[in-house]
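K.L.:
sequence unknown, structure follows:
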């Protein structure tokens, strides 16, 4: 069952992602790695992606995404060409060093010169001005849980 984060949970996720130092992993690590425990540190097997990000908004509101859920321009979601749907990605705007964590729920972007297409809400959190250069870091599922846990 697909769960969408409530605005409060999404805000908490965003706030904790800014203060955390997440590692990278391959998307398969979301399924769990044999021998890896919840307490172990995430492996850094995948380098961050660097490139241009764009965003999409109102004209796509409520239209079906590749994951089957309706697009909500205010949720922290994104479209990526190859990452598995449901992947969590930390996106950092290289112009101002602001970051947001998004869930991949759609395919795109259409423009070949861009690496990710963010929801309006995510782009706004990054203070994007049209198309900006970003860094993408794939997050492991246990890492997301750690970021949401009270400390």
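P.N.:
Yep, that arrived. Note that this is a predicted model, so its numbers are computed, not measured. Numbers count the residues shown, from 1 in each chain.
K.L.:
didn't residue 125 look like it was pressed against residue 76?
P.N.:
Yes - using Cβ atoms under 8 Å, residue 125 makes contact with residue 76 at a distance of 7.3 Å. Every residue, glycine included, has its C-beta placed from N, CA and C.
K.L.:
Between the two, which is the more surrounded one?
P.N.:
For residue 125 and residue 76, the more surrounded residue by other Cβ atoms under 10 Å is residue 76, and the numbers stand at 25 against 22.
K.L.:
In this structure, what residue spans correspond to strands?
P.N.:
49-56, 77-79, 88-93, 99-106, 114-119, 132-139 (DSSP state E).
K.L.:
what would the ones you listed look like in a markdown table with mean pLDDT, distance to residue 65 and mean neighbour count?
P.N.:
Shown next, in a markdown table, are the strands of the chain (pLDDT from 0 to 100; distance: least, Cβ to Cβ, whole Å; neighbours: other Cβ atoms under 10 Å):
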| stretch | mean pLDDT | distance to residue 65 | mean neighbour count |
| --- | --- | --- | --- |
| strand 49-56 | 96 | 10 | 19 |
| strand 77-79 | 97 | 8 | 26 |
| strand 88-93 | 97 | 15 | 23 |
| strand 99-106 | 97 | 4 | 24 |
| strand 114-119 | 97 | 10 | 24 |
| strand 132-139 | 97 | 18 | 21 |
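K.L.:
For residue 70, find the nearest of those strands.
P.N.:
Nearest to residue 70 among these is strand 99-106; the distance by Cβ to Cβ comes to 10.0 Å.
K.L.:
For residue 103, list each beta-bridge partner.
P.N.:
Residue 103 has the following beta-bridge partners by DSSP bridges: residue 77, residue 88.
K.L.:
Could you measure from it over to residue 130?
P.N.:
Separation of residue 103 from residue 130 (Cβ to Cβ, to the nearest Å) stands at 23 Å.
K.L.:
one step back: could I get the strands of the chain in CSV, plus columns for distance to residue 64?
P.N.:
Listed next are those as CSV, based on distance: least, Cβ to Cβ, whole Å:
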stretch, distance to residue 64
strand 49-56, 14
strand 77-79, 13
strand 88-93, 21
strand 99-106, 9
strand 114-119, 15
strand 132-139, 24
